[in-house]
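Enquirer: Below is the structure, and that's it, no one-letter string:
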């Protein structure tokens, strides 16, 4: 158990308390038991013994009691989601508790949210008055209570700064000064901005008067408001005016994965070197995010554009999947499409032929990213001509001539004296080839990909 790095048992209808025995998992980094029926308190032993924890998601359970102060001592813990439980008492205002926003604690009526700075900033008293008003109205008002509830939620979201004005974003970016420009494309530009409270954000401004940009804006808003996962970029606010539409997102100081993966071919002095362990971690994090979209969201969400440019890296080089402008929400995980969705080189064969949009299309795109991470060859490289694909090129040399296809930075990790490196590289290439199978039903699910990558974690412990 000390070798376990991730536990994800979300949406399994689990009952009972959280076992204290889990505290023996000294190497545990990711812990997700959300959307179950767990009861009891949050063990204080987690904060005392699980020093490697980075993410905890216990949302949508029946947990109760006080929030343990011991969690505030976990220096590596970055994300904590305790929303929609029955926790009570004050919220500690130190450590990871102080770093979270109010969404991490919503749905716990007996928590003292107003005692923290962000609780006051987000109108804790207003929230209590809303709940009190509904309680006074009583059951006799049920016929119109739903409408009132919607109005209160809308008011609360506005009060929580979920909506911003163009002039607010103009001030944040110094009138959209070019020196704050992070990147641009056919559908818009992304700026670095600073909000009045000093928070640094990324402001994605859509190109005006373009129906395609408007569609992407609506789709990205709808998708990001439905999801919550530590490896997905988080929406902070939005702005929708007659001639101006923008999204305010978390700022990722290390840019996108493509910049670091292809640092030798891209003029980027700030690009970081990616060792084998870092590449595995990033691939694992991407897989967890996509698996969440496919298996934990209802309806399932197909990203449709998984590629290195759509993967952002935070200050600790942790992956966050972004760019949901062409995402597809589908009830049965498949939908007919008449338009080509995705980026050339990453689009699954069945999508390119106008077939059904399905989760297996994302699996194919992810497989291309896996192969690109190990070979450092883009699927659009001029060497792939006359119908040759990155997947076919790898398969021609796999597994007997790995040095011919593995990136120069990784060559030293393979060979008879390389230890785990050879097995890891070979395993990742095999995973990439499986994910890029021509037939969708031959590809693994993203849940299976996560399980396989998780099992490889022992190589690094």
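Expert: Received it, and whenever you're ready, just let me know what you need. Computed from a prediction, not measured in an experiment: that's the story for all the values here.

Enquirer: okay, and the helix or strand of the chain with the least pLDDT?
Expert: Across the helices and strands of the chain, mean confidence by mean pLDDT, DSSP states H and E is lowest for helix 124-137: a mean of 35.

Enquirer: Disregarding flanking residues, what is the spatial nearest neighbour of residue 17?
Expert: Closest residue to residue 17 apart from its sequence neighbours, by CB to CB, 6 or more residues apart in numbering: residue 40 at 3.3 Å. All C-beta spots, glycine's among them, are computed from the backbone N, C-alpha and C.

Enquirer: From residue 443, how far off is that neighbour?
Expert: Relative to residue 443, residue 40 is positioned 40 Å away (CB to CB, to the nearest Å).

Enquirer: Let me know whether residue 64 touches residue 86 as I believe.
Expert: Yes - with contact defined as CB atoms under 8 Å, residue 64 counts as touching residue 86 (4.2 Å).

Enquirer: Scan the protein for its longest helix.
Expert: Longest helix in the chain, counting residues (DSSP state H): helix 276-295.

Enquirer: C-terminal to it, what's the next element?
Expert: Helices and strands here follow DSSP states H and E; after helix 276-295, the next one along the chain is strand 300-302.

Enquirer: Mind checking what helix or strand follows that next one in sequence?
Expert: The helix or strand immediately downstream of strand 300-302 is strand 311-313, counting by DSSP H and E.

Enquirer: hmm, who's touching that following strand?
Expert: For strand 311-313, the external contacting residues (CB atoms under 8 Å, 6 or more residues apart in numbering) are 233, 252, 254-257, 260, 282, 286, 319-322, 369.

Enquirer: In the sheet, which residues pair with the residue most central in space within the chain? Tell me.
Expert: Ranked by distance to the mean C-alpha position of the chain (CA atoms, centre = their mean), the top residue is residue 232 at 1.4 Å. Beta bridges link residue 232 to residue 321 when assigned by DSSP bridges.

Enquirer: Please report the distance of it from residue 102.
Expert: Counting by CB to CB, the gap from residue 232 to residue 102 is 19 Å.

Enquirer: do the same with residue 279
Expert: From residue 279 to residue 102 the distance is 35 Å (CB to CB).

Enquirer: The two: which has the busier surroundings?
Expert: Legend: neighbour count by other CB atoms under 10 Å for residue 279 and residue 102, higher for residue 279 (22 against 18).

Enquirer: Touching, the more buried one and residue 374? I think so.
Expert: Yes - at 7.4 Å, residue 279 counts as touching residue 374 under the criterion of CB under 8 Å.

Enquirer: got any residues that touch both of these two?
Expert: residue 428.

Enquirer: Going by residue numbers, what spans are strands in the stretch 351-461 of the chain?
Expert: Assigned by DSSP state E, counting those that start in this stretch, the strands in the stretch 351-461 of the chain fall at 356-358.

Enquirer: Show me where it has its helices.
Expert: For the stretch 351-461 of the chain, the helices defined by DSSP state H, counting those that start in this stretch cover 359-375, 390-397, 420-435, 446-455.

Enquirer: which one of the ones you listed lies closest to residue 19?
Expert: Of all these, helix 446-455 sits nearest to residue 19, with 19.2 Å by CB to CB.

Enquirer: Tell me, how many residues neighbour the closest residue to residue 186 other than its chain neighbours?
Expert: Distances taken as CB to CB, 6+ apart put residue 207 closest to residue 186, at 7.3 Å, once the chain neighbours are dropped. Using other CB under 10 Å, the number of residues around residue 207 comes to 17.

Enquirer: just to revisit the earlier point, now do the longest helix of the chain: which elements does it pack against?
Expert: Helices and strands touching helix 276-295, by 3 or more CB pairs under 8 Å, 6 or more residues apart in numbering; DSSP states H and E, are strand 6-8, strand 300-302, strand 311-313, strand 319-321, helix 359-375, helix 420-435, helix 446-455.

Enquirer: want to throw those into TSV with distance to residue 54, mean pLDDT and mean neighbour count?
Expert: TSV is the format used below for those (distance: least, CB to CB, whole Å; pLDDT from 0 to 100; neighbours: other CB atoms under 10 Å):
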stretch	distance to residue 54	mean pLDDT	mean neighbour count
strand 6-8	10	78	19
strand 300-302	24	93	24
strand 311-313	14	96	23
strand 319-321	12	96	24
helix 359-375	21	96	25
helix 420-435	21	89	20
helix 446-455	14	92	19
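
Enquirer: could those go into TSV alongside distance to residue 171?
Expert: Converted to TSV, those look like this (distance: least, CB to CB, whole Å):
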stretch	distance to residue 171
strand 6-8	41
strand 300-302	33
strand 311-313	24
strand 319-321	26
helix 359-375	37
helix 420-435	45
helix 446-455	41
